[in-house]
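Peer 1: My questions are about this predicted structure, shown below with the sequence.
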Protein chains: 2
Amino acid sequence: MAAEISRPAVILLSGGLDSATTLAIARAEGFRCHCLSVDYGQRHRAELAAADRIAATLGAVAHRTIHLDMGQFGGSALTDSAIAVPTEGVKPGIPVTYVPARNTVMLSLALAWAEVLGAQDIFLGVNAVDYSGYPDCRPEYLAAFERMANLATKAAVEGRPLRIHAPLIDLSKAEIIRRGLALGIDYGLTVSCYQADSTGQACGCCDSCRLRREGFAAAGVADPTRYSP
Amino acid sequence: MAAEISRPAVILLSGGLDSATTLAIARAEGFRCHCLSVDYGQRHRAELAAADRIAATLGAVAHRTIHLDMGQFGGSALTDSAIAVPTEGVKPGIPVTYVPARNTVMLSLALAWAEVLGAQDIFLGVNAVDYSGYPDCRPEYLAAFERMANLATKAAVEGRPLRIHAPLIDLSKAEIIRRGLALGIDYGLTVSCYQADSTGQACGCCDSCRLRREGFAAAGVADPTRYSP
């Protein structure tokens, strides 16, 4: 167990419900958790402050926020203020909140840090709900990223392969919430809203708020989210 | 030919000899070239100014430099001032100038921009010389990145697959230089040195300078590089 405890991992931590749960799971599995947040120009910047609180509360050994202006490229409601965040309910298909290549960029940055740390494990909180709309949340995508990563790095070439962990991939929002509560997470610290205000107060009507609210309802537990009046 | 001319591509442009040649090749193939440079905290920042000159001279329709502090992670002589750039000659194995996951991060950013532009083609200037030392310059790595990218994006899911072009992959430095000269490149605009000074003057003794100098000698053409006295 001592050897297991000493293994480092990189956890992609957005500040939302899913990545907080993923961090708690990685900790429970005995990893020394190095959390990486990406300030990519997202409009819901309150999630970055949430990530700080979550990393500290859930026992991360390190937390870094890397700045990267994805907004330069545009093309997403999350980075382009000219594109409105939809608030009418979750629709079929890939939504305008999709950020081009976001998970690929974030996993690449996690890969860079993992290689420097000598970590062979990267955790990210993609799940079955995201899967329905975002192409880079699918299991076949994650498997392809892992194969690519194992050809990309000095570590892999020298026989230390990398593993991508997506422990939430097959869970519903309600199952994620139950798992996290069992691990002691205070979900009041997390921010999921795509247009949260600077204090982390949620709109209650974007897709992310809707999925989160439905998750708490389905899990049969109180929703600690602070919604706008 | 008109349809071919109108196709957009993203070109990773470092400001060095290889990527300048790659841009000239992409242009010659009829692509509308959108050049992407990454300010990743490299010590040879003169290459970024070189990238500006090259993009303008070689007819790029756009050039963006995205800032990303890879130096936060450390682990490379190119981003960590505490690690010296080797100057004793090219050695076997992966050198300390290797930047963890650099090509993966840069290709990911190129993928993001390509998706927003509706571009299905990404060019990068990796070549046979790099291939000998850097794992993320190998053909099998590039093929794996392409497979991953084609599962990652909305464009690919909707039937517009992405292609990674590495037109220099099998060329020697001398062959690259001859190809570029035939396409009219002024290599005096490019900066390859890992520790170039702020004016772009090269040290003449790092691996990159050695490979470049040997390339001009092998090609039998004058080397326009400005070396330190």
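Peer 2: Done, it's in. Note that the structure is a prediction, hence the values are computed from the model and not measured.

Peer 1: rest of the way, CA atoms for contacts and neighbours
Peer 2: Fine.

Peer 1: what's the burial count for the closest residue to A:Thr87 other than its chain neighbours?
Peer 2: Leaving out its chain neighbours, the residue that sits closest to A:Thr87 by C-alpha to C-alpha, 6 or more residues apart in numbering or on different chains is A:Cys206, at 4.4 Å. Other residues near A:Cys206 come to 22 when the count uses other C-alpha atoms under 10 Å in any protein chain shown.

Peer 1: For A:Cys206, grab phi and psi.
Peer 2: In this entry, A:Cys206 is assigned phi and psi values of phi -80, psi 170 (degrees, to the nearest 10).

Peer 1: can you tell me how far it sits from chain B?
Peer 2: Taken as C-alpha to the nearest C-alpha, to the nearest Å, the spacing of A:Cys206 relative to chain B amounts to 21 Å.

Peer 1: thinking that residue is in contact with A:Pro86, fair?
Peer 2: Yes. With contacts counted by C-alpha atoms under 8 Å, A:Cys206 reaches A:Pro86, the gap being 6.0 Å.

Peer 1: Next, show the common contact partners of these two.
Peer 2: Among the neighbours of A:Cys206, none is also in contact with A:Pro86 (C-alpha atoms under 8 Å, 6 or more residues apart in numbering or on different chains).

Peer 1: Check which helices and strands the longest helix seen in chain A sits against.
Peer 2: Among the elements of chain A assigned as helix by DSSP state H, the one spanning the most residues is helix A:102-117. Helix A:102-117 sits against strand A:8-12, strand A:121-123, helix B:102-117, with contacts defined as 3 or more C-alpha pairs under 8 Å, 6 or more residues apart in numbering or on different chains; DSSP states H and E.

Peer 1: and those, which is most packed in?
Peer 2: strand A:8-12 (a mean of 27; mean count of other C-alpha atoms under 10 Å in any protein chain shown).

Peer 1: Output the contacting helices and strands for whichever helix or strand comes after that strand.
Peer 2: Going down the chain from strand A:8-12, the next helix or strand is helix A:17-28, by DSSP states H and E. Contacts defined by 3+ C-alpha pairs under 8 Å, 6+ apart place helix A:17-28 against strand A:8-12, strand A:32-39, strand A:121-123, helix A:173-182.

Peer 1: B:Ala20 is nearest to which of those?
Peer 2: strand A:32-39 (30.2 Å; C-alpha to C-alpha).

Peer 1: Show me what the following helix or strand past that closest one is packed up against.
Peer 2: From strand A:32-39 onward toward the C-terminus, using DSSP H and E, the following helix or strand is helix A:46-57. In this structure, helix A:46-57 makes packing contacts with strand A:32-39, strand A:62-67, judged by 3+ C-alpha pairs under 8 Å, 6+ apart.

Peer 1: For the first one, which outside residues touch it?
Peer 2: Residues from elsewhere that reach strand A:32-39 (C-alpha under 8 Å, 6+ apart): A:5-14, A:23, A:26-27, A:45, A:48, A:51, A:55, A:59-69, A:106, A:110.

Peer 1: And for stretch A:189-203?
Peer 2: Outside of stretch A:189-203, the residues that reach it under the criterion C-alpha under 8 Å, 6+ apart are A:15-17, A:20, A:43-47, A:50-51, A:53-54, A:78, A:85, A:204, A:206-209, A:212, A:225-228.

Peer 1: Which of those are buried, as a PyMOL select command?
Peer 2: Here is the PyMOL command that selects only those of the contacts of stretch A:189-203 that count as buried (16 or more other C-alpha atoms under 10 Å in any protein chain shown):
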select buried, chain A and resi 15+16+17+20+43+44+45+46+47+50+51+54+78+85+204+206+207+208+209+212+225
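
Peer 1: Include mean pLDDT when you put the helices and strands packed on helix A:17-28 into JSON lines, please.
Peer 2: Rendered in JSON lines, the data for these read as follows (pLDDT from 0 to 100):
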{"stretch": "strand A:8-12", "mean pLDDT": "98"}
{"stretch": "strand A:32-39", "mean pLDDT": "94"}
{"stretch": "strand A:121-123", "mean pLDDT": "98"}
{"stretch": "helix A:173-182", "mean pLDDT": "96"}
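
Peer 1: any chance of those in TSV, with distance to A:Thr97 too?
Peer 2: Rendered in TSV, the data for the helices and strands packed on helix A:17-28 read as follows (distance: least, C-alpha to C-alpha, whole Å):
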stretch	distance to A:Thr97
strand A:8-12	19
strand A:32-39	16
strand A:121-123	22
helix A:173-182	19
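
Peer 1: Which of the ones you listed sits closest to B:Asp121?
Peer 2: strand A:32-39 (26.1 Å).
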